[in-house]
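**Q** need a 3D model of the sequence below.
(one chain, ligands or ions: 2)
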Amino acid sequence: MTKETPLIEMRGVAYSYHRGDSDEEVPALRDLDLSICPGEFVAVVGANGSGKSTLAKLMNALLLPTDGEVRVAGMLTADPQYTWEIRRTVGMVFQNPDNQLVSTTVEEEVAFGLENLGVPTEGMRAKVSDMLAEVNMDSQRRSEPHNLSGGQKQRVAIAAVLAMEPDCLVMDEATSMLDPGGRRDVITTTRRLCRARGLSVVWISHFMEEAAQADRILVLDEGTVVADGSPRQIFAGEFDLERVGLDIPPVTKLASRLRDMGFDLPTGITHVEELVTCICRLHSKT
Ligand SMILES: Nc1ncnc2c1ncn2[C@@H]1O[C@H](COP(=O)(O)OP(=O)(O)O)[C@@H](O)[C@H]1O
Ligand SMILES: [Mg+2]
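**A** Ligands and ions are numbered 1, 2, ... in the order given. Have a look, this model is predicted:
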């Protein structure tokens, strides 16, 4: 079997900002290598200032690396002839839903993306409807975006990005301003899109319960990847998340406390259902 070509590949990447107008450099990323494969759901976690947003912006050529190279579907982000194609391939959804919706109705918001792609007006209505159905917002197509809840706004933002037919969605703390219900809706929608459409997802979050739902977790610390593995591996306790300013999911902590008390539970439990199943199994053995 041939090795799958990564959708996003970073080799020896560094990025520094300039402080104000001065020549003083603020390093944000260093020695960074990673690859994201087609259809993968990858969570990126890291403390504030660890470089997550900088990493996101390098993934669709909003920023270009100071050193090293970034490729999207083989296209070098530093080559200006690919900029448009790269931005179409990697769609971004940001933290604040109010900053990304610009139209007066939900359907216009999505139609705007399609117009940019040159979709003819006849096909537009059906396509807008399809995109909104994908994020469960079809019934709100005539609503004004500012009347929607935060979770609904983020789902419209996702639909607008889907209109560009991307291969990858980068969600930069897209749930951090939402209530628990909104957070759940947005992550469920995103996971479904990943499975159903084979979209790659880069899910940046400081909520460890969300990261636990990914196929793979990358831990960022001081601008570089310090751990890369399945949620089970990352939360199994070998990697010290607290040292890089992160919490372990509450259910993982609880399982570990129960293990310390002598209960025969596996390491790296990341879901409540999993813990319940393990406890029931123990109970039935006694
Ligand atoms: N526009 C900017 N100008 C100067 N420094 C910045 C800018 N944006 C981010 N930084 C610095 O780069 C580092 C990484 O920031 P960022 O990528 O935003 O991290 P995160 O998203 O993980 O909080 C931090 O030290 C931050 O202060
Ligand atoms: Mg950030």
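**Q** any idea of the pLDDT on the closest residue to ligand 2 within the stretch 51-200 of the chain?
**A** Here the residue of the stretch 51-200 of the chain nearest ligand 2 is residue 53; by CB to the ion that distance is 3.2 Å. C-betas here are computed from N, CA, C, even on glycine. Confidence at residue 53, expressed as pLDDT, is 97.
**Q** ok, it - contacts?
**A** For residue 53, the set of contacting residues under the criterion of CB atoms under 8 Å, 6 or more residues apart in numbering consists of 172, 173, 204.
**Q** keep only those of those residues that are in strands.
**A** Filtering the contacts of residue 53 for membership in strands, criterion DSSP state E, returns 172, 204.
**Q** ranking the contacts of residue 53 by neighbours, who comes first?
**A** For those, neighbours were counted using other CB atoms under 10 Å, and residue 204 has the most, 26 neighbours in all.
**Q** out of the contacts of residue 53, flag the one nearest to residue 218.
**A** Each of those was checked against residue 218 using CB to CB; the closest is residue 204, at 9.6 Å.
**Q** follow-up on the earlier one: pLDDT and distance to residue 85 for the contacts of residue 53 - can I get that in a markdown table?
**A** Compiled in a markdown table, the contacts of residue 53 are given as follows (pLDDT from 0 to 100; distance: CB to CB, whole Å):
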| residue | pLDDT | distance to residue 85 |
| --- | --- | --- |
| 172 | 97 | 21 |
| 173 | 96 | 26 |
| 204 | 97 | 23 |
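**Q** okay, the contacts of residue 53 in TSV with distance to ligand 2 next?
**A** Putting these into TSV (distance: CB to the ion, whole Å) gives the following:
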residue	distance to ligand 2
172	6
173	6
204	7
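**Q** restrict the contacts of residue 53 to those near ligand 1?
**A** Of the residues in the contacts of residue 53, proximity to ligand 1 by CB under 6 Å from any ligand atom holds for none.
**Q** kindly report the residues of this protein close to ligand 2.
**A** Residues of the chain found near ligand 2 (CB under 5 Å from the ion) are 52, 53.
**Q** beta partners of the spatially most central residue of the chain?
**A** For the chain, the residue sitting closest to the mean C-alpha position, by CA atoms, centre = their mean, is residue 203 at 1.6 Å. In this structure, residue 203 has the following beta-bridge partners (DSSP bridges): residue 43, residue 171.
**Q** which parts of the biggest helix by length in the chain are buried?
**A** Counting residues, the longest helix in the chain under DSSP state H turns out to be helix 180-197. Buried positions in helix 180-197, judged by neighbour count with 16 or more other CB atoms under 10 Å: 182, 183, 185, 186, 187, 189, 190, 193, 194.
**Q** how far is it from where the chain is centred?
**A** 11 Å (CA atoms, centre = their mean, to the nearest Å).
**Q** what packs against the host helix or strand of residue 14?
**A** Residue 14 is part of strand 8-18 when elements are defined by DSSP states H and E. Applying 3 or more CB pairs under 8 Å, 6 or more residues apart in numbering; DSSP states H and E, we find strand 8-18 packed against strand 25-36, helix 52-59, strand 67-72.
**Q** all strands of the chain, in order?
**A** Ranges of strands in the chain, per DSSP E, are 8-18, 25-36, 41-45, 67-72, 75-76, 90-93, 168-172, 200-204, 216-221, 224-229.
**Q** okay, those strands in a markdown table with distance to residue 256 next?
**A** Putting the strands of the chain into a markdown table (distance: least, CB to CB, whole Å) gives the following:
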| stretch | distance to residue 256 |
| --- | --- |
| strand 8-18 | 33 |
| strand 25-36 | 28 |
| strand 41-45 | 18 |
| strand 67-72 | 37 |
| strand 75-76 | 44 |
| strand 90-93 | 33 |
| strand 168-172 | 29 |
| strand 200-204 | 24 |
| strand 216-221 | 17 |
| strand 224-229 | 17 |
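**Q** ok, and the closest non-adjacent residue to residue 200?
**A** Excluding the flanking residues, the one nearest residue 200 by CB to CB, 6 or more residues apart in numbering is residue 168, at 4.1 Å.
**Q** burial measure for the one you found, as a count.
**A** If we define neighbours as other CB under 10 Å, then residue 168 has 24 of them.
**Q** try residue 27
**A** Residue 27 sits with 14 neighbouring residues when counted by other CB under 10 Å.
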